[in-house]
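> 3D model of this:
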Amino acid sequence: MTDSDAHPGGDEPSWVQATPARPSGDTAEKRVCMSCREPFLSEGWHNRLCPKCRKRSEPDGW
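Next up, the predicted model:
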């Protein structure tokens, strides 16, 4: 590793970026599935299908 690859005062290469923080409202909580309307524990805004419906929506044989 060269000096140009490292952050000043750090050991990580310059291409490594910190993961952005989630918005304050994007939290795991009980939500209603968009498909079957059953409540489930969602991981955040991105997670709107319950595990059963998510599995059903995945293509077989890939």
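
> Go ahead and confirm residue 53 touches residue 47.
No - using C-beta atoms under 8 Å, residue 53 is not in contact with residue 47; the gap is 11.2 Å. Yep, even glycine has a C-beta here, placed from its N, CA and C like the rest.

> Residue 41 is in what secondary structure piece?
strand 39-42 (DSSP states H and E).

> Rounded mean pLDDT for that strand, please.
Averaging pLDDT along strand 39-42 yields 96.

> Give me the sheet partners of it and which way each runs.
Take DSSP bridges as the rule and strand 39-42 pairs in its sheet with strand 29-32 (antiparallel).

> CA atoms only: put the strand it pairs with into CSV for me.
Written as CSV, here are the backbone C-alpha positions of strand 29-32 (Å, rounded to 0.1, in the frame of the first residue of the first chain):
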residue,chain,number,x,y,z
GLU,A,29,-40.7,-2.2,13.0
LYS,A,30,-43.9,-4.2,12.5
ARG,A,31,-45.4,-3.4,9.1
VAL,A,32,-48.2,-4.8,6.9
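
> a helix runs through residue 55, doesn't it?
Yes - according to DSSP: H, G, I helix; E, B strand; the rest coil, residue 55 belongs to a helix.

> Name the surrounding residues that touch the least confident helix or strand in the chain by mean pLDDT.
Within the chain, no helix or strand scores below helix 51-57, which has a mean of 89 by mean pLDDT, DSSP states H and E. By C-beta atoms under 8 Å, 6 or more residues apart in numbering, the residues outside helix 51-57 that reach it are 33-36, 38, 40, 49.

> Derive a PyMOL selection command for the buried subset of those residues.
Buried subset of those, written as a PyMOL selection, criterion 16 or more other C-beta atoms under 10 Å:
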select buried, resi 33+40+49
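
> low pLDDT regions in the chain?
Where the chain drops to pLDDT under 70, the residues are 1-19, 60-62.
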